[in-house]
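Engineer: sequence first, then the predicted structure:
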Amino acid sequence: MNKIYTLLLIIIISACNSSRNTSIESLIESGDIEELKKRKKEYVDAMNTMTVELNEINKGISFLDENERLTLVSKYEIKQTNFNTYIEAQANLKTRKNVLILSEFQGTLEKVFVSEGQEVKKGQLLAEINDSGLNEQYEQMVIQSEFTKENFERTQRLWDNNIGSEIQFLKSKTDYEASKKMVAQMKDRLSKTKIYAPFDGKIDEIISNVGSNLIPGVSQILRLVNLDIIYAESFVSEKYISFITEGTEAIVQIPLLNMEYKSSVNQTGNFINPNSRTFRIEVPVENFDNRIKQNLDAKIKINIYKKDDAIVIPLRIVREDALGKNFVYVMSKDNKEGVYLTSKKFITLGNKSEDDVEVTQGLNIGDIVVLEGAYSVEDSQRVKLID
């Protein structure tokens, strides 16, 4: 019925236009502006009436047509959520308790008391170097020192009773002090013939064999490693220096072991490398199962932004117009079940993560945004929602 009515209206107006063409020309020639304005108003009213009727007809067709073809989309409902932004940096896993124990005494490696892979405690005797007679010399010096001590004490008692000369007293004192220093020096030299563990750890490698001639500061005897305390070291661009401090949340990923550890930055460097414009950071890692080895490659994800009540949308649905303005399509319910009408909403973006982006302006809690199909729809388009 609506279609017939609109068609009749168009025919009537067309007929009116045809019959009035000559009259309009006459009105223009005669300068009758009032009549021209009257005619204009009649035509505008007729066109507005047709537009309203046409919209009603289209709505009716859409509502009644079971076979109407609409673009299929999915929805994303806007909610407040926790939002974190991370930067990623390559890292290397290290420990400060990984030492090559060198010889401090020249001689032959006489004994090794441990084996590779053995757990040792701090202060445990690991190896011994032939002292080449130093122990005998040390014992003689101790005896000599005891004699000078007794002589000094006797001389001091006499001197306290005003017996003897001052020179004798001072000489006995000097001899005693000199002998004590010589004993201490010999004891220190002798201690270098025995190799003790500087910390708890595991013997990773025995490098020198028994009988090897050792050179001080050159010959490597063994390697001792403790992997209980591991840290990931990385160098980060200076542009993040204001975001990263001690205590900043971080995640250490070890791809080869398929491991991920939540931790925090415990040290930031105070030196900016002038060539790479980076600074050093350190993140501790718990090696509870001893699977982590020194120098393994790792990645550090550092939290540089955190908000508990952010509005976040998937980055892939954000579109950009010719002026560079960002927008998304928000959906509102239509009269037909499962059908929605799209509307363009311009938005202001904040921080980004790998897949999501924060929206600081333009969207409200509860808004429904086009998700799948966001690049296939236009403004004011009827779409059908799929689960």
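Structural biologist: Good, I have the coordinates.
Engineer: C-alpha only now, for contacts and for neighbours.
Structural biologist: Fine.
Engineer: gap between stretch 134-153 and the chain center?
Structural biologist: Relative to its chain's centre, stretch 134-153 lies at 64 Å (C-alpha atoms, centre = their mean, to the nearest Å).
Engineer: also stretch 216-231?
Structural biologist: With C-alpha atoms, centre = their mean as the basis, stretch 216-231 stands 30 Å off its chain's centre.
Engineer: give me the contacts around that stretch.
Structural biologist: Here stretch 216-231 makes contact (C-alpha atoms under 8 Å, 6 or more residues apart in numbering) with 93-106, 197, 200-208, 282-288, 290, 292-294.
Engineer: what about these, which are in strands?
Structural biologist: Taking DSSP state E, the ones among the contacts of stretch 216-231 that sit in strands are 93-94, 98-102, 201-206, 282-286.
Engineer: which of those residues are buried? Put it as a PyMOL command.
Structural biologist: Buried residues among those (16 or more other C-alpha atoms under 10 Å), as a PyMOL selection:
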select buried, resi 93+94+98+100+101+102+201+202+203+204+205+206+282+283+284+285
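Engineer: of all the residues in stretch 128-145, which ones are buried?
Structural biologist: Residues of stretch 128-145 classed as buried by neighbour count (16+ other C-alpha under 10 Å): 128-131, 135, 138, 141-142, 144-145.
Engineer: what's the answer for stretch 342-356, then?
Structural biologist: For stretch 342-356, burial by neighbour count (16+ other C-alpha under 10 Å) applies to 342-343, 346-347, 349, 351-352, 356.
Engineer: residue 51: neighbouring residues, count only.
Structural biologist: If you count neighbours by other C-alpha atoms under 10 Å, residue 51 ends up with 13.
Engineer: just the element for it, please.
Structural biologist: In this assignment (DSSP states H and E), residue 51 forms part of helix 33-64.
Engineer: look up how far residue 290 lies from residue 346.
Structural biologist: Distance of residue 346 to residue 290, computed by C-alpha to C-alpha, to the nearest Å: 52 Å.
Engineer: skipping its backbone neighbours, what lies nearest residue 341 in space?
Structural biologist: residue 382 (4.5 Å; C-alpha to C-alpha, 6 or more residues apart in numbering).
Engineer: turn the buried residues of stretch 128-145 into a markdown table, including pLDDT, distance to residue 214 and secondary structure.
Structural biologist: Converted to a markdown table, these look like this (pLDDT from 0 to 100; distance: C-alpha to C-alpha, whole Å; DSSP: H, G, I helix; E, B strand; the rest coil):
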| residue | pLDDT | distance to residue 214 | secondary structure |
| --- | --- | --- | --- |
| 128 | 93 | 11 | strand |
| 129 | 92 | 8 | strand |
| 130 | 90 | 10 | coil |
| 131 | 85 | 12 | coil |
| 135 | 83 | 18 | helix |
| 138 | 83 | 22 | helix |
| 141 | 86 | 26 | helix |
| 142 | 87 | 28 | helix |
| 144 | 88 | 31 | helix |
| 145 | 87 | 31 | helix |
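Engineer: which one of these sits closest to residue 46?
Structural biologist: Nearest to residue 46, judged by C-alpha to C-alpha, of the buried residues of stretch 128-145 is residue 128 at 112.5 Å.
Engineer: so which residues of the stretch 201-350 of the chain form strands?
Structural biologist: Taking DSSP state E, counting those that start in this stretch, the strands of the stretch 201-350 of the chain run over residues 201-206, 213-214, 220-225, 229-237, 249-254, 259-264, 267-268, 278-286, 297-314, 319-320, 326-333, 339-346, 348-352.
Engineer: export these as a markdown table, with columns for mean pLDDT and distance to residue 151.
Structural biologist: Converted to a markdown table, these look like this (pLDDT from 0 to 100; distance: least, C-alpha to C-alpha, whole Å):
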| stretch | mean pLDDT | distance to residue 151 |
| --- | --- | --- |
| strand 201-206 | 92 | 48 |
| strand 213-214 | 90 | 41 |
| strand 220-225 | 94 | 44 |
| strand 229-237 | 93 | 54 |
| strand 249-254 | 94 | 68 |
| strand 259-264 | 93 | 64 |
| strand 267-268 | 92 | 58 |
| strand 278-286 | 94 | 59 |
| strand 297-314 | 93 | 66 |
| strand 319-320 | 93 | 98 |
| strand 326-333 | 94 | 97 |
| strand 339-346 | 92 | 100 |
| strand 348-352 | 93 | 83 |
